[in-house]
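*Asks:* no sequence for this one, just the structure:
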């Protein structure tokens, strides 16, 4: 049973445990006040997590939900090459939810916030029919250096961090009725936002475009292509596939929170950055040379259009 | 029936209609990019609006819900003396909601965004069991000039803008089963964020503390007292009461979005600022001189403790 005063007190205690010097005034006023360093620009991202849409209470313990919730925002900051500063949490909870659930959620969120020095600087609480968490993450980049989705050029090579499909692989097992114990090394339960990789690429100005893989490779690559006015070809046998996944899950499974980026064919991209494996998986093409659909070169040597089968919130499950 | 692509297209169209030069990159990338002017600090506020908690579809047309949703955020910016820059909307909608509802909501939000040049710069969409809108508003103030809740000092006079209880008065009629046609002049359906008054006070450094009246005078004055380490006395016959309200509603009704502020007893506060009436309603007192409870001087000449009966989300209706 949730009491608003207890919840707010708990949130303030947690906020006090993660400090960032950019936060001048945190929780306790009408607005938070942040300082953005001179010569820097501010990044803002918001992500909504709703019970039975983004997670299930039976599958995802409260701490996992808190971790995944903040990861979504941090991953967006990573995809711009940014440094996170502060987060804001709007939390809607059913009135009969045990306080222990809220505590677990906040603990999961806080552990990740501490790791990246992201201060919980504000938010809102309300009752709601299902658990609803909207996470806002703010960050900064030196002015003019954010890595956009729109910078990919024909001839650029396409890269991803890590291995793909692991999160969807676990989800598939959960849907099949298998009980899976969440472990810290599971990319589904405890995904890692690739902040160090994003920063590394931004500092060296190596990436021409970047996005994080939240909806799935096929959908997120299309976002880059649309914003850049280009198309692309993927080489299927180069796509790094997670142990518990297959090519289909690697191409269309969401929530891996790896980074997808493009770089000039002349750029020297190492095979490992900040502990993450980097794999070249294809090439950006001119839209006039090919149909506007993204192509994939199959293991059979044939090129076919890449279907779009990522996450669609209003189309039910993936 | 909501289609995600249509909804996002609609949101982008609306975003294009409200521009603010602080927004370098709006919708269409992993994060929005904002520029905060040198010498300024950033303000951030988030407010969650959930169907059947904050509004009812039967009582509140979609445009009203959109207007009220953004008002909540703008009112928080006003309460710091800030200038709004950009807003972010996380929208969770039931799958069977008519697209017309979403369009109406966005129109209501946009009309207000345009009036104050607040750019819709990002957000998220999802399906949800009930209509869920989390609004984030960012703004700026010259560094060090934001009006906090914590600056009230013993001897300061307490002021409010406008008249109080009007929103709760309408809500009471709605609860009693009366059908009320929303008009633009109704503070319940179309509240006005007091941005000009907040700015006026901040520029002249007249207010020592400020908050917006969202939860109700009794609760919001307590917030000022708690953050400032003081207590207060209200003079009941000085509290400005809306036409459709009484003293009880004026003291404890929420969602008026008027400003409550304190100023030195030597400050010259005009009776009208930017079209809004300003009324002195009491005085800040030292905590050692009185019990920590806020007192109210009744029309009978007797002083009694002011009960706390504002909005409590987890305690059901007010």
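*Replies:* Looks like it came in fine. Keep in mind the model is a prediction, meaning the values are calculated, not measured. Numbers count the residues shown, from 1 in each chain, chains lettered A, B, ... in the order given.

*Asks:* Now do the buried residues in the helix or strand bottoming out on mean pLDDT in chain A.
*Replies:* Of all helical and strand segments in chain A, the minimum by mean pLDDT, DSSP states H and E falls on helix A:4-17, at a mean of 83. Neighbour-count burial for helix A:4-17, with 16 or more other Cβ atoms under 10 Å in any protein chain shown as criterion, is recorded at A:4, A:7, A:8, A:10, A:11, A:14, A:15. Bear in mind the C-beta positions are built from the backbone N, C-alpha and C, glycine included.

*Asks:* partner strands of the following helix or strand past it, parallel or antiparallel?
*Replies:* Using DSSP states H and E, the helix or strand that directly follows helix A:4-17 along the chain is strand A:23-25. With DSSP bridges as the criterion, the sheet partners recorded for strand A:23-25 are strand A:32-34 (antiparallel).

*Asks:* Next, the angle strand B:40-50 makes with whichever helix or strand comes after the strand it pairs with.
*Replies:* Later in the chain than strand A:32-34, the nearest helix or strand by DSSP H and E is strand A:40-50. Computed with axes from the mean of the first three to the mean of the last three Cα atoms, to 10 degrees, the direction of strand A:40-50 lies at 10 degrees from that of strand B:40-50.

*Asks:* For chain B, tell me whether strand A:40-50 is touching it.
*Replies:* Yes. Using Cβ under 8 Å from any Cβ of the partner chain, a contact is recorded between strand A:40-50 and chain B, made by A:41, A:42, A:43, A:44, A:45, A:46, A:47, A:48, A:50.

*Asks:* Looking at these, which two lie furthest apart in space?
*Replies:* With distance counted by Cβ to Cβ, no two of the residues of strand A:40-50 next to chain B lie farther apart than A:41 and A:50, which are 30.2 Å apart.

*Asks:* between the two, which one's more packed in?
*Replies:* Residue environment comparison for residue A:41 versus residue A:50 gives the larger neighbour count to residue A:41, 25 against 22, counting by other Cβ atoms under 10 Å in any protein chain shown.

*Asks:* Test my guess that that one contacts residue A:138.
*Replies:* No. If you go by Cβ atoms under 8 Å, residue A:41 and residue A:138 don't touch, sitting 11.0 Å apart.

*Asks:* and the stretch 151-300 of chain A, which residues reach chain B?
*Replies:* Applying the criterion Cβ under 8 Å from any Cβ, the portion of the stretch 151-300 of chain A that neighbours chain B consists of A:210, A:211, A:212, A:227.

*Asks:* bridging residues for the first one?
*Replies:* Bridge pairing for residue A:210 (DSSP bridges) gives the partners residue A:261.

*Asks:* before we move on, back to that, wait, which of the residues of strand A:40-50 next to chain B is closest to residue A:241?
*Replies:* When those are compared against residue A:241 (criterion: Cβ to Cβ), the nearest one is residue A:47, at 26.0 Å.

*Asks:* what's the burial count for that closest one?
*Replies:* Neighbours of residue A:47 (other Cβ under 10 Å): 24.

*Asks:* so who does it touch?
*Replies:* For residue A:47, the set of contacting residues under the criterion of Cβ atoms under 8 Å, 6 or more residues apart in numbering or on different chains consists of A:69, A:72, A:73, A:76, A:134, A:135, B:90, B:124.

*Asks:* any idea how far it is from residue A:195?
*Replies:* Counting by Cβ to Cβ, to the nearest Å, the gap between residue A:47 and residue A:195 amounts to 16 Å.

*Asks:* Same check on residue A:74?
*Replies:* The gap separating residue A:74 from residue A:195 is 6 Å, by Cβ to Cβ.

*Asks:* you'd agree residue A:61 is up against residue A:182?
*Replies:* Yes. At 6.1 Å, residue A:61 and residue A:182 qualify as touching, with contact defined as Cβ under 8 Å.

*Asks:* and the gap between residue A:170 and chain B?
*Replies:* From residue A:170 across to chain B, the span is 21 Å (Cβ to the nearest Cβ, to the nearest Å).

*Asks:* Quick check: that residue touching residue A:190?
*Replies:* No. With contacts counted by Cβ under 8 Å, residue A:170 stays clear of residue A:190, the gap being 10.9 Å.

*Asks:* So between those two, which is more surrounded?
*Replies:* More neighbours surround residue A:170 than the other of residue A:170 and residue A:190, with 24 against 18 (other Cβ under 10 Å).

*Asks:* tell me which element the more buried one is part of?
*Replies:* For residue A:170, the secondary-structure element it belongs to, assigned by DSSP H and E, is helix A:166-175.

*Asks:* Can you give the distance of the helix or strand following that helix from its chain's centre?
*Replies:* Per DSSP H and E, helix A:166-175 leads on to helix A:195-203 as the next helix or strand towards the C-terminus. Relative to the centre of its chain, helix A:195-203 is centred 15 Å away, using Cα atoms, centre = their mean, to the nearest Å.

*Asks:* I'd like to check which residues are in contact with residue A:22.
*Replies:* Applying Cβ under 8 Å, 6+ apart, one finds that residue A:22 lies in contact with A:34, A:35, A:36, A:37, A:85, A:86, A:119, A:140.

*Asks:* Buried subset of those residues as a ChimeraX selection?
*Replies:* For selection in ChimeraX, the members of these meeting the burial criterion (16+ other Cβ under 10 Å) are listed in this command:
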select /A:34,35,36,85,86,119,140
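
*Asks:* now the contacts of residue A:22 as CSV including pLDDT?
*Replies:* Below are the contacts of residue A:22 laid out as CSV (pLDDT from 0 to 100):
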residue, pLDDT
A:34, 95
A:35, 95
A:36, 93
A:37, 92
A:85, 97
A:86, 97
A:119, 95
A:140, 97
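
*Asks:* Include distance to residue B:251 when you put the contacts of residue A:22 into JSON lines, please.
*Replies:* Putting the contacts of residue A:22 into JSON lines (distance: Cβ to Cβ, whole Å) gives the following:
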{"residue": "A:34", "distance to residue B:251": "34"}
{"residue": "A:35", "distance to residue B:251": "37"}
{"residue": "A:36", "distance to residue B:251": "40"}
{"residue": "A:37", "distance to residue B:251": "44"}
{"residue": "A:85", "distance to residue B:251": "39"}
{"residue": "A:86", "distance to residue B:251": "35"}
{"residue": "A:119", "distance to residue B:251": "35"}
{"residue": "A:140", "distance to residue B:251": "43"}
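
*Asks:* So which of the residues of the stretch 151-300 of chain A next to chain B is surrounded by the most neighbours?
*Replies:* Taking other Cβ under 10 Å to define a neighbour, the member of these with the most is residue A:210, carrying 30 neighbours.

*Asks:* Please name the nearest non-neighbouring residue to residue A:37.
*Replies:* Counting by Cβ to Cβ, 6 or more residues apart in numbering or on different chains, the nearest residue to residue A:37 once its immediate chain neighbours are dropped is residue A:140, at 6.5 Å.

*Asks:* was I right about that neighbour contacting residue A:83?
*Replies:* Yes. With contact taken as Cβ under 8 Å, residue A:140 and residue A:83 are classed as touching, separated by 5.7 Å.
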